[in-house]
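S.K.: Next comes the sequence, and after it the predicted model I'd like to discuss.
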Number of protein chains: 2
Amino acid sequence: MSKILGVLGGMGPLASAHFMLRLTLLTPADRDQDHIPSVLWSDPRVPDRTAARLAGGEDPLPMLLRGIAGLKAAGCGAIAIPCNTAHGWHAAMQAATDRPILHIVDATAAELIRLGVAAGPIGVMGTAATLAMRLYQQGLEGRGWSCLMPDATEMAQQVTPAIALVKANRVAEAYAPLAEVAQRLVMRGARAVVLGCTEIPLGMAAGPALPFPVADSIDALARAAIGWARSPSC
Amino acid sequence: MSKILGVLGGMGPLASAHFMLRLTLLTPADRDQDHIPSVLWSDPRVPDRTAARLAGGEDPLPMLLRGIAGLKAAGCGAIAIPCNTAHGWHAAMQAATDRPILHIVDATAAELIRLGVAAGPIGVMGTAATLAMRLYQQGLEGRGWSCLMPDATEMAQQVTPAIALVKANRVAEAYAPLAEVAQRLVMRGARAVVLGCTEIPLGMAAGPALPFPVADSIDALARAAIGWARSPSC
């Protein structure tokens, strides 16, 4: 029996659709039946994760747990969540289910290794909440990397508005501000840049590729999911 | 309460991921919470629909019904199936569930109207099984259109191999044979071409846009699903 991958998505919906596309394209396959059975639970009604963490907004955890229960009921053996900010609730979600929940920061660390960037300063772009929760700082520091973050002005004027543009389907407009911040991080010494919000790779794909290593958290999570699906253990 | 869309996918998985992407991009939205809650049941293990219909292969209906039951259990109010050939089992699936199953041929007919092609000969590209089952011929004839199909040589040498290339993730190679057949259909008198297999729009997107109206069955089904989700009735 094939293992079924559960995808807790909708955060945002374009990022989770893009995750499904990348999961498919990165899977070695000659025909439909070689691909990974998966169920995508795309519920964009999950309360905003950044607002919950930074501005006292509604707690997303109950809706996240509802999705996880739905994926378990559908027979999924592991869960991938293509939203970095939601990983601020990873421990709480994992405590509530016996299904392993892949961790997007671990997957992105593996992607940095795959890109040949084993040490040094790494630029990290993400939502204000992902940075404030120190998801990447905790995940990368102590494994040989240090983290460089955009400053408050870059976050407020470029990164946060660009993420909102992608969520509003205005993907092409998101490229310029995102690319500029990535380039500034490299000028400050970053050897690679982590796209640590799943909207950011969508904006970055709307223009020319950047001339330095970029660790895309969507592709990283897709590779981790394929590794789980193809591993012999249950 | 928002209505939840069920998507019975995996046939193929790239087409269903692309459907989720187009569903998102075609939905008017300013933020995550404006998008349509949906569950994608992507089971690429469904037996090959063309082999079942034309070569005595395993019947896909039991696996299709299993997916529909899973989507109903997840709370879905209607079902979209981004696979034209699977619509050969539409009546059998609809008989087995009280949830409405949108019909991709009806959606594509609406797309022809939207494109301003209200009458005349229409080129229809699809799997050999979709053409043999006359899904489009039955759906379009009698509504003011007639159908022009690729000939047996074009099917065997271009259309069928191109569909297999997309299912094997070799999307770029699929463009040339598909574009050539579409152009030949127009030279024979077609006023528009229906991309009546959900792999075909993926191949067509890998090269220059064609200089005549093209009715993409993925976009058509996405528009029908958005119409269902936004309609006031339950």
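M.R.: On my side now, so go ahead.
S.K.: Okay, strands next: where are they in chain A?
M.R.: A:5-9, A:38-42, A:78-80, A:120-125, A:145-148, A:192-195, A:214-216 (DSSP state E).
S.K.: Who does the closest residue to A:Arg188 other than its chain neighbours form a beta bridge with?
M.R.: Leaving aside its chain neighbours, A:Arg188 sits nearest to A:Leu148 (5.7 Å; criterion: CB to CB, 6 or more residues apart in numbering or on different chains). Heads up, the C-betas are built off the backbone N, CA and C, glycines and all. In this entry, A:Leu148 is beta-bridged to A:Gly123, by DSSP bridges.
S.K.: Against A:Ile113, how distant is A:Leu148?
M.R.: 19 Å (CB to CB, to the nearest Å).
S.K.: Those two: which has the busier surroundings?
M.R.: Neighbours were counted for A:Leu148 and for A:Ile113 using other CB atoms under 10 Å in any protein chain shown; A:Leu148 has more, 17 against 12.
S.K.: surely the more buried one meets A:Ile122?
M.R.: Yes - taking CB atoms under 8 Å as the definition, A:Leu148 is a contact partner of A:Ile122 at 6.9 Å.
S.K.: got the contact list for the residue nearest to A:Arg188?
M.R.: Applying CB atoms under 8 Å, 6 or more residues apart in numbering or on different chains to A:Leu148 gives the contacts A:121-124, A:185, A:188-190.
S.K.: Which of these sits closest to A:Ala91?
M.R.: Using CB to CB, A:Val124 comes nearest to A:Ala91 of these, at 20.2 Å.
S.K.: any idea how far A:Ala179 is from chain B?
M.R.: For A:Ala179, the distance to chain B (CB to the nearest CB, to the nearest Å) stands at 21 Å.
S.K.: And A:Leu21, by the same measure?
M.R.: Applying CB to the nearest CB, the value for A:Leu21 to chain B is 4 Å.
S.K.: buried ones in the least confident helix or strand in chain A by mean pLDDT?
M.R.: Least confident helix or strand, chain A: helix A:49-55 with a mean of 92, by mean pLDDT, DSSP states H and E. For helix A:49-55, a neighbour-count test (16 or more other CB atoms under 10 Å in any protein chain shown) marks A:49-50, A:52-53 as buried.
S.K.: What sits closest to A:Ala190 if chain neighbours are left out?
M.R.: Closest residue in space to A:Ala190, ignoring its immediate chain neighbours: A:Gly123 at 3.4 Å, by CB to CB, 6+ apart.
S.K.: number of nearby residues for the residue nearest to A:Asp48 when sequence neighbours are not counted?
M.R.: Distances taken as CB to CB, 6+ apart place A:Gly57 nearest to A:Asp48, at 5.8 Å, with adjacent residues excluded. Neighbourhood size, A:Gly57 [other CB under 10 Å]: 13.
S.K.: got it, and the one 10 residues further on?
M.R.: A count of neighbours around A:Gly67, defined by other CB under 10 Å, yields 25.
S.K.: what do you get for A:Ala152?
M.R.: 9.
S.K.: Likewise for A:Leu115?
M.R.: When neighbours are defined as other CB under 10 Å, A:Leu115 has 16 of them.
S.K.: One more: A:Gly144?
M.R.: Other residues near A:Gly144 come to 14 when the count uses other CB under 10 Å.
S.K.: can you list contacts of the least confident helix or strand of chain A?
M.R.: Identification of contacts with helix A:49-55 by CB under 8 Å, 6+ apart yields A:11, A:57-60, A:83, A:85-86, A:88-89, A:127-129, A:132-133.
S.K.: Buried subset of those, written for ChimeraX?
M.R.: Of the contacts of helix A:49-55, the buried ones go into a single ChimeraX selection, burial set by 16+ other CB under 10 Å:
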select /A:11,60,83,85,86,88,89,127,128,129,133
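S.K.: So which of the contacts of helix A:49-55 is the closest to chain B?
M.R.: A:Met11 (6.4 Å; CB to the nearest CB).
S.K.: just checking, that closest one touches B:Asp32?
M.R.: Yes - counting by CB under 8 Å, A:Met11 touches B:Asp32, with 6.4 Å between them.
S.K.: Need the overlap of contacts for these two.
M.R.: A:44, A:46.
S.K.: between the contacts of A:Leu148, which is closest to B:Leu221?
M.R.: Closest to B:Leu221, out of all of the contacts of A:Leu148 and judged by CB to CB, is A:Val124, at 38.6 Å.
S.K.: what about the closest one, neighbour count?
M.R.: 29.
S.K.: Distance check, it against chain B.
M.R.: Applying CB to the nearest CB to A:Val124 and chain B gives a distance of 22 Å.
S.K.: do A:Gly6 as well
M.R.: Going from A:Gly6 to chain B by CB to the nearest CB gives 11 Å.
S.K.: partner residues bridging that residue?
M.R.: Legend: beta-bridge partners of A:Gly6 under DSSP bridges are A:Val39, A:Ile79.
S.K.: Look at it and report its pLDDT.
M.R.: Predicted confidence (pLDDT) for A:Gly6: 98.
S.K.: That one - how many residues pack around it?
M.R.: By other CB under 10 Å, the burial measure for A:Gly6, its neighbour count, is 28.
S.K.: circling back: need the strands of chain A in TSV (columns: distance to A:Ala168).
M.R.: Converted to TSV, the strands of chain A look like this (distance: least, CB to CB, whole Å):
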stretch	distance to A:Ala168
strand A:5-9	17
strand A:38-42	17
strand A:78-80	24
strand A:120-125	19
strand A:145-148	28
strand A:192-195	19
strand A:214-216	21
